[in-house]
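Undergrad: From the sequence below, what's the structure:
(chains A and B)
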Amino acid sequence: MKTVFPALLGAVLALGPMAAVQAKTPADQLIVGMSLVNLFSIDPANAPGLDASGINANLYDTLVKRDQGNPEKHLPQLAERWEVSEDGKSITFHLRDDVKFHSGNPLTAEDVAWSLYRVMKLNFGLATNWKAYGYTVENIQALIRASDAHTLVVELPQPTDPLLVIDSLATSPSAVVVDRVEVLKHEKNGDLGGAWLVTNEAGSGPFTLSKWSANDALVMTRFDGYWGGPAKMKRVLLRHMTESQSLRLMLERGDLDLAYGMAAPDIKAIESSDKLQVQSLQRGTMYYVAMSMKQPQFANQKVREAVRNLIDYQGLDQQVMPHYGKLNQQPMQLGLEARLPDPGYKLDVPKAKALLAEAGYPDGFTTTIRTLSEPPFIDIAARMQATLAEGGIKATIVPGTGNQVYGAMRARNFEMIVARGAERYPHPYFSLRTFVYNPDNSDAAGLPNFQGWRASFFDRQLNELIDRAGVERDAAKRLALYHEAQTRYDQEAGPIMMISQMTDTAVSAVDIKGFTGDDAEATRYLGVYKQR
Amino acid sequence: MFASSASLLGARASGTARRAGTVLVTLLGLLALTFFIGRVMPLDPVLAVVGPDADSSTYDQVYRAMGLDKPIWTQFGLYLNDLLHGNFGNALLTGHPVLEDIKRVFPATIELATLAILFGVLIGLPLGVVAASNQGKVGDHVARVITLFGYSTPIFWVGMMGLLVFYAWLGWAGGAGRIDLAYDGMVEEVTGLLLVDTAIARDWEAFASALKHIVLPGLILGLNSVAYISRMTRSFMLEQLSQEYIITARVKGLSRRQVVWGHAFRNILVQLLTVVALAYGSLLEGAVLIETVFAWPGFGQYLTSSLMLGDMNAVMGCVLVIGLIFVALNLISDALYKVFDPRTR
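TA: Numbering: from 1, shown residues only, chains lettered A, B, ... in the order given. Coordinates of the predicted model:
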């Protein structure tokens, strides 16, 4: 006892000087700190989360990719070129013939077709995207097929703007191509390799998966045979770290190259650092306040308008949302051509009170706000609680985990909610479908994938406008339909009120170059390097 | 003579059987309680699998695949049946069998908890003895301040401050994680305990890196044990020091040191065993806050993440392990009682 502790202390002290000369991150490895807590599966058929998308973007390839975030323009990837038939009912993709999977197997059109069939057959959440176009497990093999080893024919089952399908092939996490031969080697009980692909990969992307230890670390190693040329980094190591201050300390010490998910106060504190660079990344995801129109008070349009006047949009934007999001009042992402300017909603308590009185609630009412017990959700809810109270609405905040909050919303069991959604690439059609569209408002319809259904909002005319936009191939007419839909949603005071569009912040060492964030966290590390 | 030794053996056998029965009933009760609490918790494991935007057909398919459509008693029965066949099920979080996961995360916690309890014992015991033998004097007050600090400061805050001072400013300690990333995966895993594995591999640079990473979280985690163990030691010692045999010993001319350490301290060893075993047990449950601050991939983080997801296979597996730890520690401390206390033989 007398000797052990001093010995231990001595050992630590002796290690002290080592730290001063400790090597920083290796020049050919990228060390990333981020939360991996939501990373459950990397099976492309069942990996809806953003974390998984970010990893699969590096392990797999898609046929095409978006050009600079423009949802109507796409660039070649596995497909060198493609053409849409004159009647707009089919698209033919011509694939590169020099692509190999990590296994060494050649990538063929058959693999592409099978990958999409697999998504439909397994029927996890990501199949929803393809079902919306009319694909089913029964028809997909006939409609999406290889006409030869490097030609893929995609027929559309119902009238749809082919650009939408091409965009889904560029952006859906389920549109990546898996190595059919390799996956089927690991098939068990007809699961199409489902159990194996949860923690393994069979892709052709610039990196291979070397190690994934849940809630600890994930390591990707460069694939030297990548068709687009090898990546500059030999290894990319993602370390699971959730504590923002630990991330900050490790970045400042040079033990991390890049960090995601840091809290606003820490980002603010290092903005002036000359060793670190802060990059703000605009995401497609929107923060919103939603009301359930199942509640009699919120079914009343005047009440919804009153609530809209009790949201301190500008105050939230300036005081709560820096580094979390950017003011956006439309159900459509910033920067899209189809998006109308913000209608200019602002906090107006007298107007809200007058509207409440007109609606028959001169003394307000009581309600609950469900939200996630983490910033910025809880801060938005607290601010909402205060401004609602000014108008006479007494709201109780019910905090919970994401699972509890979204679970309640999916079950249509809520009054008000502060949440976020549309975790996909910005697109006018998909945004309107997510937030506004609701084909059937009955409980029995069970359409929780539509947030409009969750909020019990149903407007036949709006549905028609969105449906028409989804098949209209004339760009000008399509634009007019999107504008009309936004105007109508504004007039109706739709119950899902956007307040902010998510921004994510990546903080990196100044010597990290070639890093460009992606709209949906599907950032590729292919071109990232260190300038030392 | 023969008959009496036979009856002694019989009594021992029945004692062992009774103890085994108690252990089984305890574990079964623990599992049942956790299972049913898990089912009434407002957490939906299906959502964790399908994502919040899945449609109803996908949701229903996974709901059935997870067996949630069956009556709760059937679900529990099926779970027990699997358990008896050594199958703890797969974890949602990792897709791996729960046992495999626990085997992976547990060494990280064992390593940390062992360092923490060593620290707790090496500092806490002498501190408690010094406090008791100097009751009301400076030594007692100093010990009180130290234990108060150990009890009352939030471990999360101490962790952050520790990182700031010893890692960021002084550079003495390693940062988050169990080892520098350069050594990650470079040492062959034998026991999962990095200090041991790096020593077996004779990779002393990696060993130094692992040591640099574990010392700070280990010591901080041990602070609470220091407080607990020293307070308990003080109180046991005070009780002993007021006994008549102590006065007799002093009257006989034994030195203060001999009385305190040779008589009083020896007599509290048995009680201290229980205290240390319990403290070690609670450290082995995992320390989620310290694990979060230091990005330590241990049992506490695993259990908390699983709980947040409603991943009941993982939670049940963890609960069973915790139950077994306490049972084992109890059995070990019972056995050690017999070593230290002749009356219990």
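Undergrad: Run a quick neighbour tally on the residue in the stretch 201-345 of chain B that chain A sits nearest to.
TA: Using C-beta to the nearest C-beta, the closest approach of the stretch 201-345 of chain B to chain A is made by B:Pro297 at 3.6 Å. Any C-beta I mention is one placed from the backbone N, CA and C, and that applies to glycine too. Applying other C-beta atoms under 10 Å in any protein chain shown, we find 22 residues neighbouring B:Pro297.
Undergrad: How about B:Ile117?
TA: 24.
Undergrad: what's the answer for A:Glu86, then?
TA: Neighbour count for A:Glu86, taken as other C-beta under 10 Å: 7.
Undergrad: The one 10 residues further on too?
TA: As a burial measure, A:Arg96 scores 15 neighbours (other C-beta under 10 Å).
Undergrad: need the strands for the stretch 1-150 of chain A, in chain order.
TA: Shown for the stretch 1-150 of chain A, the strands assigned by DSSP state E, counting those that start in this stretch span residues A:29-34, A:64-67, A:70-76, A:79-84, A:90-95, A:144-148.
Undergrad: Check those strands for me and report the most buried one.
TA: strand A:29-34 (a mean of 24; mean count of other C-beta atoms under 10 Å in any protein chain shown).
Undergrad: Contacts (any at all) between chain B and that one?
TA: Yes: using C-beta under 8 Å from any C-beta of the partner chain, strand A:29-34 comes into contact with chain B via A:Gln29, A:Ile31, A:Gly33.
Undergrad: Could you spell out the sheet neighbours of that strand, each with its direction?
TA: strand A:235-240 (parallel), strand A:258-260 (parallel) (DSSP bridges).
Undergrad: which residues does A:Glu415 contact?
TA: A:Met291, A:Ser292, A:Gln295, A:Phe298, A:Thr367, A:Thr368, A:Ile369, A:Arg370 (C-beta atoms under 8 Å, 6 or more residues apart in numbering or on different chains).
Undergrad: Test my guess that the first one contacts A:Phe298.
TA: Same thing as A:Met291. Yes: between A:Met291 and A:Phe298 there is a contact under C-beta atoms under 8 Å: 3.9 Å.
Undergrad: So A:Pro157 sits against A:Ala132, correct?
TA: No: with contact defined as C-beta under 8 Å, A:Pro157 does not reach A:Ala132; the gap is 10.6 Å.
Undergrad: So for those two, which sits in the more crowded spot?
TA: A:Ala132 (19 against 16).
Undergrad: A:Gln501 is in what secondary structure piece?
TA: According to DSSP states H and E, A:Gln501 maps onto strand A:496-509.
Undergrad: For chain B, tell me whether that strand is touching it.
TA: No: applying C-beta under 8 Å from any C-beta, one finds strand A:496-509 separated from chain B by no less than 14.0 Å.
Undergrad: Which residues of the stretch 1-150 of chain B lie near chain A?
TA: B:42-44, B:47-59, B:61-62, B:91-96, B:101, B:104-105, B:118-119, B:122-123, B:125-126.
Undergrad: Which of those are buried? Put it as a ChimeraX command.
TA: Selecting only the buried entries of those in ChimeraX, with 16 or more other C-beta atoms under 10 Å in any protein chain shown as the criterion:
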select /B:43,44,47,48,49,50,51,52,53,54,55,58,59,61,62,91,92,93,94,95,96,101,104,105,118,119,122,123,125,126
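Undergrad: Out of the strands of the stretch 1-150 of chain A, which gets nearest to A:Gly402?
TA: Nearest to A:Gly402 among those is strand A:29-34 (16.9 Å), distances taken as C-beta to C-beta.
Undergrad: According to the record, where do the domains of chain B fall?
TA: B:4-85, B:98-340 (the TED database).
Undergrad: Number of residues surrounding the closest residue to A:Trp130 other than its chain neighbours?
TA: Once flanking residues are discounted, A:Trp130 sits nearest to A:Met120: 6.1 Å by C-beta to C-beta, 6 or more residues apart in numbering or on different chains. Residues near A:Met120, counting by other C-beta under 10 Å, number 22.
Undergrad: quick one: buried residues of stretch A:315-332?
TA: Applying a neighbour-count criterion of 16+ other C-beta under 10 Å, one finds A:316-317, A:320-332 buried in stretch A:315-332.
Undergrad: And the average pLDDT for that stretch is what?
TA: For stretch A:315-332, the mean per-residue pLDDT is 95.
Undergrad: still on that earlier bit, dump the strands paired with strand A:29-34 to JSON lines, plus mean neighbour count and mean pLDDT.
TA: Below are those laid out as JSON lines (neighbours: other C-beta atoms under 10 Å in any protein chain shown; pLDDT from 0 to 100):
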{"stretch": "strand A:235-240", "mean neighbour count": "23", "mean pLDDT": "92"}
{"stretch": "strand A:258-260", "mean neighbour count": "25", "mean pLDDT": "93"}
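Undergrad: can you put the ones you listed in CSV and add distance to A:Gly228?
TA: What follows is these, written out as CSV (distance: least, C-beta to C-beta, whole Å):
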stretch, distance to A:Gly228
strand A:235-240, 16
strand A:258-260, 21
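Undergrad: Of all those, which one is nearest B:Val25?
TA: Among those, strand A:235-240 comes nearest to B:Val25, with 38.1 Å by C-beta to C-beta.
Undergrad: and that closest one, how far from the chain's centre?
TA: Relative to the centre of its chain, strand A:235-240 is centred 20 Å away, using C-alpha atoms, centre = their mean, to the nearest Å.
Undergrad: got the contact list for that strand?
TA: The contact list for strand A:235-240, computed with C-beta under 8 Å, 6+ apart, reads A:28-37, A:55, A:58, A:207, A:210, A:215-222, A:256, A:525, B:176-177, B:181, B:184, B:295, B:297.
Undergrad: Would you mind putting the CA coordinates of it into PDB?
TA: Output in PDB follows, covering the C-alpha atoms of strand A:235-240 (Å, rounded to 0.1, in the frame of the first residue of the first chain):
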ATOM      1  CA  ARG A 235      -7.700   5.200 -43.200                       C
ATOM      2  CA  VAL A 236     -10.700   7.100 -41.900                       C
ATOM      3  CA  LEU A 237     -11.300   6.400 -38.300                       C
ATOM      4  CA  LEU A 238     -14.600   7.500 -36.700                       C
ATOM      5  CA  ARG A 239     -14.500   7.500 -32.900                       C
ATOM      6  CA  HIS A 240     -17.700   7.500 -30.900                       C
END
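Undergrad: can you tell me which residues contact the closest residue in space to B:Ile155 that isn't next to it in sequence?
TA: Excluding the flanking residues, the one nearest B:Ile155 by C-beta to C-beta, 6+ apart is B:Leu289, at 5.3 Å. Taking C-beta under 8 Å, 6+ apart, we find B:Leu289 in contact with B:Pro154, B:Ile155, B:Phe156, B:Gly159.
Undergrad: before we move on, what about A:Val528?
TA: Contacts for A:Val528 were tallied using C-beta under 8 Å, 6+ apart; they are A:Leu30, A:Ala231, A:Lys232, A:Met233, A:Ile512, A:Lys513, A:Gly514, A:Phe515.
Undergrad: Nearest to chain B: which residue in the stretch 301-450 of chain A?
TA: Residue nearest to chain B within the stretch 301-450 of chain A: A:Gly446 (3.5 Å; C-beta to the nearest C-beta).
Undergrad: Do I have it right that that residue meets B:Ser56?
TA: Yes: if you go by C-beta under 8 Å, A:Gly446 and B:Ser56 touch, sitting 3.5 Å apart.
Undergrad: one step back: ok, which pair from the contacts of B:Leu289 is furthest apart?
TA: B:Pro154 and B:Gly159 (8.9 Å).
Undergrad: So for these two, which residue has more residues nearby?
TA: Shown here are B:Pro154 and B:Gly159; by other C-beta under 10 Å, B:Gly159 has more neighbours (24 against 9).
Undergrad: Do any residues in stretch A:348-368 lie close to chain B?
TA: No: Stretch A:348-368 lies out of reach of chain B by C-beta under 8 Å from any C-beta, never closer than 14.2 Å.
Undergrad: now the residue of the stretch 151-300 of chain B found nearest chain A: how far from A:Asp67?
TA: With C-beta to the nearest C-beta as the measure, B:Gly171 is the residue of the stretch 151-300 of chain B nearest to chain A, at 3.0 Å. B:Gly171 sits 46 Å away from A:Asp67, going by C-beta to C-beta, to the nearest Å.
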